[in-house]
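Undergrad: The sequence isn't on hand, but the structure is:
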Ligand code: FE2
């Protein structure tokens, strides 16, 4: 159940199947945005302004390959907004996260858990008071992010998910960075039973992930280098 002091919005970019999340503190109006998409920044900022929020963090769970982040563009409207990335993500940001760090957004406390595997620098963000977590590309609803691109490792992803996400209480809601089947949210308990990949043994999981034979993301040549610079290329 979402507590009353959390302002929460889930936004979707149908072009890249990316979810953007806006989290704000009802009391102070401070807010953070997770995974903003460059082409959707105008929509997102309109909502931020309508809700009277002040963005203090623009966060990416990792350096994406499938869409360009809107973080750099957002900072033009909110100059005090800090871009945030994992310390070993390889990307440029104002603030770098390490495992266990906490982001304070008004009265909200966001625990930052390092969950590498999809990439080396992936993070999951947990709000214990509201019993929700934002899993990036580590866990999708009944799926997970690919492990065949930049600094990926299926075995590492498996251990990250089991030790840092599936170890949360089973009623915690999980919000992914992407969905390709029209699903929007899941729970720890659901995924521990129904995730077709992550319920397997580690060896079976590695086997599944190495046989996916996915096409490269169509924007990888543009988005990946741009995202290393928070979406703004010099
Ligand atoms: Fe990704």
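TA: On my side now, so go ahead. Just so it is clear, the model here is predicted, and its values are computed rather than measured.
Undergrad: Do a quick rundown of the helices in the chain.
TA: Under the criterion DSSP state H, the chain carries helices at the ranges 41-50, 71-77, 154-160, 188-194, 202-210, 220-227.
Undergrad: Of all residues in this protein, which one is closest to the ion?
TA: The ion sits closest to residue 137 of the chain, with a gap of 3.9 Å, by CB to the ion. For glycine as for every other residue, the C-beta is placed from the backbone atoms N, C-alpha and C.
Undergrad: That residue: neighbour count?
TA: 27 (other CB atoms under 10 Å).
Undergrad: Report pLDDT for it.
TA: With respect to pLDDT, residue 137 has a value of 97.
Undergrad: ok, it touching residue 178?
TA: Yes - assessed by CB atoms under 8 Å, residue 137 is found in contact with residue 178 at 6.6 Å.
Undergrad: Identify the contacts common to the two.
TA: residue 145 (CB atoms under 8 Å, 6 or more residues apart in numbering).
Undergrad: Report the central residue of this structure.
TA: residue 136 (3.0 Å; CA atoms, centre = their mean).
Undergrad: ok, that residue - contacts?
TA: Contacts for residue 136 (CB under 8 Å, 6+ apart) come out as 35, 61-62, 115, 118, 122-124, 145, 176-177.
Undergrad: Could you check how far the nearest residue to residue 66 once chain neighbours are set aside is from residue 138?
TA: Leaving aside its chain neighbours, residue 66 sits nearest to residue 217 (4.0 Å; criterion: CB to CB, 6 or more residues apart in numbering). Going from residue 217 to residue 138 by CB to CB, to the nearest Å gives 17 Å.
Undergrad: neighbour-wise, which of these two wins?
TA: Per other CB under 10 Å, whichever of residue 217 and residue 138 has more neighbours is residue 138, with 29 against 17.
Undergrad: pretty sure the more buried one contacts residue 117?
TA: Yes - here residue 138 lies in contact with residue 117, judged by CB under 8 Å, at a distance of 6.5 Å.
Undergrad: what is in contact with those two at once?
TA: 145, 157, 160-161.
Undergrad: How many residues are close by residue 92?
TA: By the criterion of other CB under 10 Å, residue 92 has 15 neighbours.
Undergrad: How about residue 216?
TA: Using other CB under 10 Å, residue 216 has 12 other residues around it.
Undergrad: same thing with residue 218?
TA: Residue 218, neighbours per other CB under 10 Å, totals 10.
Undergrad: list the contacts for it?
TA: residue 66.
Undergrad: what's the pLDDT at it?
TA: At residue 218, pLDDT is 86.
Undergrad: Check residue 228 too.
TA: We have a pLDDT of 88 for residue 228.
Undergrad: how much space between the closest residue to residue 176 other than its chain neighbours and residue 180?
TA: Nearest non-adjacent residue to residue 176, counting by CB to CB, 6+ apart: residue 140, 4.4 Å away. The gap separating residue 140 from residue 180 is 8 Å, by CB to CB.
Undergrad: I'd guessed residue 78 sits against residue 57; true?
TA: No - applying CB under 8 Å as the test, residue 78 and residue 57 come out as separate, 9.8 Å apart.
Undergrad: quick one, which of these two is more surrounded?
TA: residue 57 (22 against 18).
Undergrad: Can you give me the pLDDT of that one?
TA: 98.
Undergrad: I'd like the numbering to begin with 22 instead of 1 from here.
TA: Done: numbering now begins at 22, and the last item shifts to residue 78.
Undergrad: Pull the contacting residues for the residue nearest to it when sequence neighbours are not counted.
TA: Spatial nearest neighbour of residue 78, excluding adjacent residues (CB to CB, 6+ apart): residue 53 at 3.8 Å. Applying CB under 8 Å, 6+ apart to residue 53 gives the contacts 43-45, 76-80, 124, 126, 131.
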